[in-house]
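Novice: no sequence on hand, only this structure:
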């Protein structure tokens, strides 16, 4: 077994589907999915238990470098994270079907490693349409233009606007594949909005990317109402990102005993998980037992990153160690659907996913009457009726439309827009104050945002975050508070429009119903 690397984690080096017969050789690809390393030697390559002669083995890198095992022993190979290479055997072709591959190699800092995986040879379809790619530099001008020409020929459509962009496409590596251009979404500005947060303090302009008429105007109007009422107070009250593996046993009792073992070995499990990242920290594990299944919901903090990939890697490393240590596990799946990644769920509403953040304000009576033509009692009454409607519908949000503002902010700032499915959950609460003003609070229990990593560092996305002072490390809670404040502004605006029967007329005026 690998030194410091659980066997299941080591298997991730193999690129699934890469085993093939080609030009008289048998070859497959491996990719460094662990961390920066150096390969110091290749000691064994075998297929189905049959060793390949050392003189029939070579390593091929994407830049054209070719090394024999003897050359590798004399000149160790730097193998940084995400680098790929092919291991080639000059042997007769393998038969169609499944084959066992075994590779023994030396490395720094991991020592001697033994990779044992199953691959398969399948029939190649020569007429398969393939999108042009460049293995050395797939973000070069030539590679991009080749794909653009391919699209124009295949689709019979000239690309006039998609190829127009103002940044170096090399910054997109890790964010998109088969790049051909950009989708230009209009950005409008709302605000400034006055926020009294623990992290966001002051007045902020808010960039909102959308094609929906009246959206920016509506949020801008809500921000005005909040400002005239003294601003909005925001608090981040929870922080967690999950991956939820499941372990299958022969019966419920074994599953129960396994959970006890996990709880007893939490320190070792935490060590394995946190070794994969300098940022991810395992806070706790929530066990859920059903039938003969043990579901473990790993809860991490992830700094300024949204963290789904980070916690996936950390959880996989921890589970790989568990599988090597604990006998009797019949099956294992890294995700059981209990993390509810990119799906609305009650477990996230109850337990937090991403940031749990609350925005609250006392909206002044005279401000509502003067600027929205509605009294606080009307909003309060409608909120109660709408809450019943939300319960009847089974919605994950008792408010009006938090997804509108969140989506527009997500697109503008490079967040993973699919996370709106979780982040749009909301719990709104209203009450009349003794002064006949309206207290409103919006809690977002699963707001998944980032100011570091992912797409937030791209050109226009970084500029949008910079408008709010939210670029880089240490800014994610600030951004979360701004998002929550924007959501509350949208709730006030739409709720007032509904209560004053101004909703349809606004769309007529600003073009949605034209």
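Specialist: Thanks, I have the structure now. Model, not experiment: these values are computed from the prediction. Residues are numbered from 1 along each chain as shown.
Novice: show me the shaky parts of the chain.
Specialist: For the chain, the stretches with pLDDT under 70 are 1-4, 125-126, 501-514.
Novice: please name the nearest non-neighbouring residue to residue 378.
Specialist: For residue 378, ignoring the flanking residues on the chain, the nearest one in space by C-beta to C-beta, 6 or more residues apart in numbering is residue 499 at 4.4 Å. To be clear about C-beta, it is placed using only N, CA and C from the backbone, and glycine gets the same treatment.
Novice: give me the neighbour count for residue 233.
Specialist: One way to gauge burial is a neighbour count; for residue 233, by other C-beta atoms under 10 Å, it gives 19.
Novice: break down the stretch 401-514 of the chain into its helices, ranges please.
Specialist: Under the criterion DSSP state H, counting those that start in this stretch, the stretch 401-514 of the chain carries helices at the ranges 402-413, 420-423, 459-467, 476-499, 503-510.
Novice: so residue 494 makes contact with residue 402?
Specialist: No. In this structure, residue 494 sits apart from residue 402 without contact. The criterion is C-beta atoms under 8 Å, and the distance is 10.0 Å.
Novice: please say which of these two ends up with more neighbours.
Specialist: Residue environment comparison for residue 494 versus residue 402 gives the larger neighbour count to residue 402, 26 against 23, counting by other C-beta under 10 Å.
Novice: what's near enough to touch that one?
Specialist: With contacts defined as C-beta atoms under 8 Å, 6 or more residues apart in numbering, the neighbours of residue 402 are 424, 426, 442, 444, 487, 490-491.
Novice: reformat these as CSV; add neighbour count and distance to residue 370.
Specialist: Putting these into CSV (neighbours: other C-beta atoms under 10 Å; distance: C-beta to C-beta, whole Å) gives the following:
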residue, neighbour count, distance to residue 370
424, 23, 31
426, 27, 27
442, 29, 23
444, 30, 29
487, 31, 24
490, 29, 20
491, 26, 19
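Novice: present those as JSON lines; the columns should include distance to residue 227.
Specialist: Formatted as JSON lines, the contacts of residue 402 follow (distance: C-beta to C-beta, whole Å):
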{"residue": "424", "distance to residue 227": "25"}
{"residue": "426", "distance to residue 227": "22"}
{"residue": "442", "distance to residue 227": "17"}
{"residue": "444", "distance to residue 227": "21"}
{"residue": "487", "distance to residue 227": "16"}
{"residue": "490", "distance to residue 227": "14"}
{"residue": "491", "distance to residue 227": "15"}
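Novice: out of those, who's nearest residue 149?
Specialist: Nearest to residue 149 among those: residue 424, at 39.5 Å, using C-beta to C-beta.
Novice: gap between the closest one and residue 341?
Specialist: 15 Å (C-beta to C-beta, to the nearest Å).
Novice: you'd agree residue 302 is up against residue 279?
Specialist: Yes. Using C-beta under 8 Å, residue 302 and residue 279 qualify as a contacting pair, with a distance of 6.0 Å.
Novice: tell me which of the two has more neighbours.
Specialist: For the pair residue 302 and residue 279, the greater number of neighbours falls to residue 302 (25 against 18), based on other C-beta under 10 Å.
Novice: which non-adjacent residue is nearest the more buried one?
Specialist: Excluding the flanking residues, the one nearest residue 302 by C-beta to C-beta, 6+ apart is residue 241, at 5.0 Å.
Novice: without its sequence neighbours, what residue ends up closest to residue 93?
Specialist: The shortest distance from residue 93 to any residue other than its chain neighbours is 3.8 Å, reached at residue 21 (C-beta to C-beta, 6+ apart).
Novice: all set, thanks.
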